[in-house]
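# Provided below are the primary sequence and the corresponding predicted coordinates.
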Amino acid sequence: MAVIHPKWRTPVFSLIGQGIWAGVLTLSGRYDQLYTYVIFGMVLSYTLTVIGLFLLRWSRPDIPRPYRCTGYPWLPAIYIFIGAAWTLNTIITRPHEAFWGSFIVLIGIPG
């Protein structure tokens with residue numbers, strides 16, 4: 001998939017594969033299902049990233065921090081609370097979409 005086309009200098013096979021996958025997803029469900037898959041994966045990953053911020057600052061207090069997190073620790077903590085509540089709500093109210101959204105994210109993890 002990473003082979004670059006010699007004339008156009010683009011990853012043609014990757015783009016074709018992505019187009020086919022988008023077509024399969026489009027034909028396989030309703031718009032609200034697809035939207036929930038994407039948003040569930042995004043909110044979950046963003047929430048885990050902010051949790052990682054707390055874990056990094058707790059486990060490695062000595063490393064330099066060239067960028068300061070605005071409103072730390074209150075704004076990130078509020079974000080974690082809201083993100084976790086939204087994620088749990090999606091798992092409870094739309095478990096099918098939450099499962100498939102998680103599955104789509106997990107198959108993208110390098111082996």
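In hand now; what should we look at?

# residue contacts, Val3?
11-13 (C-beta atoms under 8 Å, 6 or more residues apart in numbering). C-betas here are computed from N, CA, C, even on glycine.

# those in helices, which ones?
Counted as lying in helices by DSSP state H, out of the contacts of Val3, are 12-13.

# which among the contacts of Val3 gets closest to Gly41?
The shortest approach to Gly41 among these belongs to Pro11, at 22.4 Å (C-beta to C-beta).

# in which helix or strand does the residue nearest the centre of the chain reside?
Of all residues in the chain, the one closest to the mean position by C-alpha atoms, centre = their mean is Met42, 3.4 Å from it. Per DSSP states H and E: Met42 is located in helix 31-59.

# check which helices and strands that helix sits against.
Of the remaining helices and strands, those touching helix 31-59 by 3 or more C-beta pairs under 8 Å, 6 or more residues apart in numbering; DSSP states H and E are helix 12-28, helix 74-93, helix 95-106.

# relative to Arg60, which of those is closest?
Between Arg60 and the helices and strands packed on helix 31-59, the shortest separation by C-beta to C-beta is 16.3 Å, and it involves helix 74-93.

# what would the closest one look like as PDB? C-alpha coordinates only.
C-alpha atoms of helix 74-93 as PDB (Å, rounded to 0.1, in the frame of the first residue of the first chain):
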ATOM      1  CA  TRP A  74      -8.700  21.500  35.700                       C
ATOM      2  CA  LEU A  75      -9.600  21.700  32.000                       C
ATOM      3  CA  PRO A  76      -8.000  18.300  31.100                       C
ATOM      4  CA  ALA A  77      -9.800  16.700  34.000                       C
ATOM      5  CA  ILE A  78     -13.100  18.200  32.900                       C
ATOM      6  CA  TYR A  79     -12.400  16.900  29.400                       C
ATOM      7  CA  ILE A  80     -11.700  13.400  30.700                       C
ATOM      8  CA  PHE A  81     -15.000  13.500  32.700                       C
ATOM      9  CA  ILE A  82     -17.000  14.600  29.700                       C
ATOM     10  CA  GLY A  83     -15.300  12.200  27.200                       C
ATOM     11  CA  ALA A  84     -15.700   9.300  29.600                       C
ATOM     12  CA  ALA A  85     -19.400  10.100  30.100                       C
ATOM     13  CA  TRP A  86     -20.000  10.300  26.400                       C
ATOM     14  CA  THR A  87     -18.100   7.100  25.700                       C
ATOM     15  CA  LEU A  88     -20.000   5.200  28.400                       C
ATOM     16  CA  ASN A  89     -23.300   6.700  27.100                       C
ATOM     17  CA  THR A  90     -22.500   5.400  23.600                       C
ATOM     18  CA  ILE A  91     -21.500   2.000  24.900                       C
ATOM     19  CA  ILE A  92     -24.800   1.700  26.800                       C
ATOM     20  CA  THR A  93     -27.200   3.200  24.200                       C
END
